[in-house]
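Enquirer: here's my sequence, what's the structure:
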Amino acid sequence: MGQVGNLRSDRQSARLGATQRPRTRFDWCFRFLTYLHVYFIVNNLLYVNFLWSLLNLLPLFPLDGGQITRAILEQRDPQLGRLRSLQVSIAVAVLLAGRA
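Expert: Numbers count the residues shown, from 1 in each chain. Okay, here's the model as predicted:
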């Protein structure tokens, strides 16, 4: 019985040929993709990911950079650190709004 299964798989592989692969339900997605398309998609995803991480490091309070600024300023001055971090956050927000 194991030999019959092997014969069937050999027939299927011979019928498909060396260059074809079995069809799946997602073939329509990849029919028009070329290496240039894949390069374009991956390149844009990397670019967006890099810029998003830089944006996240801005010293605006809800972002990670604002949390880091708050932690550093509270460590230096426990009583006025939070106020100073919010002032830095507002100043950066005004500067970014002025450039827009």
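Enquirer: quick one, strands of this protein?
Expert: Under the criterion DSSP state E, strands are not mapped anywhere in the chain.
Enquirer: the domain parsing of this structure - what is it?
Expert: 25-56, 57-100 (automatic domain parsing).
Enquirer: which residue is the nearest non-sequential neighbour of E74?
Expert: The shortest distance from E74 to any non-neighbouring residue, by C-beta to C-beta, 6 or more residues apart in numbering, is to G81 (3.2 Å). Where C-beta positions appear, they are placed from N, C-alpha and C, glycine not excepted.
Enquirer: go ahead and confirm the one you found touches Q87.
Expert: No: counting by C-beta atoms under 8 Å, Q87 is not a contact partner of G81; they are 10.7 Å apart.
Enquirer: who has more neighbours, these two?
Expert: Taking neighbours as other C-beta atoms under 10 Å, G81 and Q87 compare with G81 leading, 17 against 12.
Enquirer: the more buried one and T69, how far apart?
Expert: 9 Å (C-beta to C-beta, to the nearest Å).
Enquirer: cool, and L83?
Expert: In this view, L83 and T69 are 12 Å apart by C-beta to C-beta.
Enquirer: now do L60
Expert: 9 Å.
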